[in-house]
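1. starting from these lines, generate the structure:
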Amino acid sequence: MTNFAVVIFDDEEAVDIVSEKWIIKKQEKLHCYWPRQNVVSRAKRHEIPDPKWPLYPIRIVKYTELYEKAKEYRDQAKNDSVVESNDSDEELGRRVSRVPKRLADDSDYEAESEESIGSAKKKKSNAEKVMDLPKLPEPPQSISTPRAGRKNFDEMVGPPNLTTPSTSRRIATITSITQSTDETFKKNVLMKLDTIVENQKEQLSFLRRQAANHQPLDFDMEDMFLQPLDAKEELDDLEEKLKGTDFRKNIIKYLSVLGGPTVKASIKIMLRKIGSNKLWSSYSMKGRKGKQSFKKLILSRVIIRSCLRVHEKSKESIIETEIGEFLKYAPHRPGGTKMKAVTIDDSIDDSMEEDDDDTTEDLVGLDI
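-> You can find the predicted model right below:
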């Protein structure tokens, strides 16, 4: 159960009631959050403090579960000349009768203060009735020094100033730290919001393109790619079919529907759907090092057209680069011609790091 705490505010030597949730330890010193309005009602509800509330250094007098009991401890601490801590008997300081500056605009606190003052007056009146002692005669007034002189002296001197230079420096330091923390927090939140907005725009654009591309095909393409092509002869048959205009258009529609959130992801999905790593191990983008040239295939143009339908702002050079990267690592992936027959734990080496990054991007795309 959350307790109420009767605390002394070091900067003002004022006593008040706060929720236990408002107390934190900062730089080996206890501090307390303090709302600018509705202090009493918020303390009674044990409201979670807002980081924007100002912080004040404090000392704890007493803990209690009941608010009424806390009010008694507070009034006792205000009336006593020396307030004792709950954990030690050290002198904590004398009471200050004026209302602290942080409470000047709080109507909630003023209402409770008036209630406490009225209760105190009532107790005093009852005490006077019980102790009905005779009044002592007043001393004669001094002729040379009128009563007005004391009043003029008080007005000239003014109330005692309890703010010391060291206290002012501590308050300025705390205020500076709080403002700096708030500014950093605001910047981080705004940066994250900008990132979220950009991601939402990209996802919305991707979904719109997918909806636009999701048109009925002349035949079911899934029947054609139930299994990825595994031999060069099968790829040659596909090349013959791609010479037909209608078939080529249907393939472009089908592959664009399969496209991912990025160019890299789209290339990976399309090429894995069409062929196996064994097949792509024999190809490179320009046909170097004894490999077949993928760029000379009709399929190369089909893949590029499909990607441009999904990623309208992309360029052919970027798409060709991603195709080349995919073909470069195909021999080292499962089923590739250079895949080592090792255990699962040892199967991922440095050459596979690029492929792992692709897999992570695919997972992000699926979450979308």
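2. okay, strands next: where are they in the protein?
-> All strands of the chain, identified by DSSP state E, fall at 4-9, 14-19, 23-26, 29-33, 55-64, 283-284, 292-293.
3. direction included, what does the second one pair up with?
-> Strands that pair with strand 14-19, judged by DSSP bridges, come out as strand 4-9 (antiparallel).
4. returning to what we had before: now the strands of the chain as TSV including mean neighbour count, mean pLDDT and distance to residue 235?
-> Quick note: C-beta positions are derived from backbone N, CA and C, even for glycine. As requested, those are exported to TSV (neighbours: other Cβ atoms under 10 Å; pLDDT from 0 to 100; distance: least, Cβ to Cβ, whole Å):
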stretch	mean neighbour count	mean pLDDT	distance to residue 235
strand 4-9	23	92	77
strand 14-19	24	91	73
strand 23-26	12	90	68
strand 29-33	18	91	69
strand 55-64	19	91	70
strand 283-284	22	94	9
strand 292-293	14	93	9
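5. which of the ones you listed sits closest to residue 245?
-> For residue 245, the closest of the strands of the chain is strand 292-293, at 23.6 Å, according to Cβ to Cβ.
6. show residues contacting stretch 172-190.
-> Stretch 172-190 is contacted from outside by 31, 51-52, 54-57, using Cβ atoms under 8 Å, 6 or more residues apart in numbering.
7. repeat the analysis, applying 7 Å as the threshold.
-> 52, 54-55 (Cβ atoms under 7 Å, 6 or more residues apart in numbering).
8. I'd like the average pLDDT over that stretch.
-> For stretch 172-190, mean pLDDT rounds to 83.
9. how about that stretch as PDB, C-alpha atoms only?
-> The C-alpha trace of stretch 172-190 is given here as PDB (Å, rounded to 0.1, in the frame of the first residue of the first chain):
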ATOM      1  CA  ALA A 172      19.600  27.100 -10.400                       C
ATOM      2  CA  THR A 173      21.500  23.900 -11.000                       C
ATOM      3  CA  ILE A 174      18.400  21.700 -10.400                       C
ATOM      4  CA  THR A 175      16.400  23.900 -12.800                       C
ATOM      5  CA  SER A 176      19.100  23.700 -15.500                       C
ATOM      6  CA  ILE A 177      19.400  19.900 -15.200                       C
ATOM      7  CA  THR A 178      15.600  19.600 -15.400                       C
ATOM      8  CA  GLN A 179      15.300  21.800 -18.400                       C
ATOM      9  CA  SER A 180      18.200  20.000 -20.200                       C
ATOM     10  CA  THR A 181      16.600  16.600 -19.500                       C
ATOM     11  CA  ASP A 182      13.200  17.800 -20.800                       C
ATOM     12  CA  GLU A 183      14.800  19.200 -24.000                       C
ATOM     13  CA  THR A 184      16.600  15.900 -24.700                       C
ATOM     14  CA  PHE A 185      13.400  13.900 -24.000                       C
ATOM     15  CA  LYS A 186      11.400  16.100 -26.400                       C
ATOM     16  CA  LYS A 187      14.000  15.800 -29.200                       C
ATOM     17  CA  ASN A 188      14.100  12.000 -28.900                       C
ATOM     18  CA  VAL A 189      10.300  11.800 -29.000                       C
ATOM     19  CA  LEU A 190      10.100  14.000 -32.100                       C
END
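10. residue 253: which of the contacts of stretch 172-190 is nearest?
-> Comparing these against residue 253 with Cβ to Cβ picks out residue 52 as the nearest, at 54.3 Å.
11. distance of that closest one from residue 183?
-> 12 Å (Cβ to Cβ, to the nearest Å).
12. try residue 192
-> 15 Å.
13. and what of residue 254?
-> Computed as Cβ to Cβ, the residue 254 to residue 183 distance reads 52 Å.
14. and for residue 246?
-> From residue 246 over to residue 183 (counting by Cβ to Cβ), the distance is 62 Å.
15. same deal with residue 327?
-> The value you get for residue 327 to residue 183, if Cβ to Cβ is used, is 49 Å.
16. do residue 266 as well
-> As defined by Cβ to Cβ, residue 266 lies at a distance of 41 Å from residue 183.
17. try residue 32
-> Using Cβ to Cβ, we find residue 32 at a distance of 23 Å from residue 183.
18. re the thing from before, nearest to residue 202, of the contacts of stretch 172-190?
-> Closest to residue 202, out of all of those and judged by Cβ to Cβ, is residue 52, at 33.1 Å.
19. how many other residues sit next to that closest one?
-> 12 (other Cβ atoms under 10 Å).
20. ok, it - contacts?
-> Residue 52 neighbours (Cβ under 7 Å, 6+ apart): residue 182.
21. next one: phi and psi at it?
-> The phi/psi pair for residue 52 (degrees, to the nearest 10) reads phi -80, psi -20.
22. before we move on, what about residue 46?
-> phi 50, psi 50.
23. again with residue 315
-> Dihedral angles (degrees, to the nearest 10) for residue 315: phi -130, psi 160.
24. so for it, what's the pLDDT?
-> So residue 315 comes in at 93 (pLDDT).
25. now residue 294. Nearest residue, chain neighbours left out?
-> Distances taken as Cβ to Cβ, 6 or more residues apart in numbering place residue 283 nearest to residue 294, at 4.5 Å, with adjacent residues excluded.
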